[in-house]
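> Sequence and predicted model, in that order:
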Amino acid sequence: MSVSHLETSDVDDVDDRIRRISSTIRVIPDFPKPGIIFQDITTLLLDHQAFKDTIDLFVERYKGKNINVVAGVEARGFIFGPPIALAIGAKFVPMRKPKKLPGEVISEEYSLEYGTDIMEMHVGAVQPGENALVVDDLIATGGTLCAAIRLLERVGANVVECACVIELPELKGRERLADKPLFVLISS
C-alpha cells in the first residue's frame, strides 16, 4: 500500500496507526552492549491497538497478492508472521537458529556485525514456485533477511518482498537486499 495511492481519509488513518505504533516502541540505549540503541517491540505488544494496527497494515498490503508462504525469522518474526499468514491465507514457515527444528533441514550461514550465524528451514516446507513473504521485526544490516531469502530461493520459492516493523537506515541493510523489495512501517 503506497501512501501516494491512498484516498485522503486513508492516508490520515495510516498516519494515525503509524504514529500509534511508533509511540509504543521503546528505545533502550547501550543494550545489549555499549553503543547499541535497542528498538524494543515488547512495549508495542503490550498495546493491543498498536499491535493490531501493525498486523492490519501488513495484511492490507499483502491480502490478495498471491502469497503462499509467510517465512518468519526467529524470534520476533514468529510474533508478526503467524497472524499475517492466517489473515492472508498463507502457511507460516519458521526460519530458525541451528538445531531448533526436528527432522531434515537446509541451512544457510550468514554474517553478522560480530561474527556469523546459521539459519535453518525444514526440507519440504516450501515448494518450488511458491510466492514467499519474509517477515521480521527489524532490519539493521540485512544479513538475517538475506539468509532467509537465499534459503527460500534455494528451494525454488519466489521471494516477493521482505516486511519489517522497523528499519535502521543508517546500517544500510536495504542495500544488501539488492533487488528484493522491502516494506517497513517505521524508519528509526
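Everything's here; your move.

> So for the helix ranked longest in the chain, what gets flagged as buried?
Among the segments of the chain that qualify as a helix by DSSP state H, the longest is helix 8-24. Of all the residues in helix 8-24, those buried under the rule 16 or more other Cβ atoms under 10 Å are Val14, Arg17, Ile18, Arg20, Ile21, Ser22, Thr24. (C-beta placed from N, C-alpha, C; glycine too.)

> ditto for stretch 40-54
Buried residues in stretch 40-54, defined by neighbour count with 16+ other Cβ under 10 Å: Ile41, Leu44, Asp47, Ala50, Phe51, Asp53, Thr54.

> pretty sure the fourth one contacts Asp16?
No. Counting by Cβ atoms under 8 Å, Ala50 sits too far from Asp16 to count as a contact (11.0 Å).

> Turn the buried residues of helix 8-24 into TSV, including pLDDT and distance to Met119.
Written out in TSV, the entries for the buried residues of helix 8-24 read as follows (pLDDT from 0 to 100; distance: Cβ to Cβ, whole Å):
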residue	pLDDT	distance to Met119
Val14	79	32
Arg17	96	31
Ile18	97	29
Arg20	96	32
Ile21	97	26
Ser22	96	28
Thr24	97	28
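
> got these as a markdown table, with distance to Ile139 columns?
Supplementary listing: the buried residues of helix 8-24 in a markdown table, determined by distance: Cβ to Cβ, whole Å:
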| residue | distance to Ile139 |
| --- | --- |
| Val14 | 20 |
| Arg17 | 20 |
| Ile18 | 17 |
| Arg20 | 21 |
| Ile21 | 16 |
| Ser22 | 16 |
| Thr24 | 19 |
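
> and of those residues, the nearest to Gly72?
Nearest to Gly72, judged by Cβ to Cβ, of those is Ile21 at 18.4 Å.

> Distance of the closest one relative to Gly143?
As judged by Cβ to Cβ, to the nearest Å, Ile21 and Gly143 stand 25 Å apart.

> Under the pLDDT cut-off, which ranges of this protein? List them.
Counting by pLDDT under 70, the low-confidence segments of the chain come to 1-11, 113.

> can you give me the helices in it?
Counting by DSSP H, one finds helices in the chain at the ranges 8-24, 42-46, 48-62, 77-88, 143-154, 173-176.
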